[in-house]
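[1] Just the structure for this:
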Amino acid sequence: MIQTSSEAVMVLRGDGVTVSFDPAELQAAILECFEATGTPESYLAEDAALAVEFAMKSSRRPRKVFTESEINTAAVKVLEQAGLAEVASLFSRRNYRFAFCRFTHSNILGCYIKFFIA
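    The predicted structure follows:
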């Protein structure tokens, strides 16, 4: 049996299958929403995806397994807090499978760690 590292973040999909979290997949989904809304700061899609991943890795949960819904909620919160409500709304409506004006990468990370530290 293959054992994942304690640092590995896993996603419990709706069909009950657990897969490794892929921040690139989340980033692509967020980027689509930036483009669809005509929001010019699309370079922030990577920062948002990394903020969600960092928050999950920083969680106090003994096992780093999160549902698609939890990841979607975290992504929406990251986008809303960054002042990207239109992008967040579209992301939420599209129900992706995991589904900022001038914030720095570290500011985004700091704001969202508390989402998973419970």
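
[2] rest of the way, CA atoms for contacts and neighbours
    Noted.

[3] what's the burial count for the residue nearest to residue 23 when sequence neighbours are not counted?
    Nearest non-adjacent residue to residue 23, counting by CA to CA, 6 or more residues apart in numbering: residue 49, 5.7 Å away. Using other CA atoms under 10 Å, the number of residues around residue 49 comes to 26.

[4] Counting by contacts, list what the host helix or strand of residue 49 packs against.
    Assigned by DSSP states H and E, residue 49 falls within helix 44-57. With contacts defined as 3 or more CA pairs under 8 Å, 6 or more residues apart in numbering; DSSP states H and E, helix 44-57 has these neighbours: helix 23-37, helix 68-81, helix 105-116.

[5] Quick one: closest of those helices to residue 17.
    helix 68-81 (11.0 Å; CA to CA).

[6] quick one, the closest one and helix 23-37 angle?
    Angle of helix 68-81 versus helix 23-37, following axes from the mean of the first three to the mean of the last three CA atoms, to 10 degrees, is 50 degrees.

[7] Great, nothing more from me.
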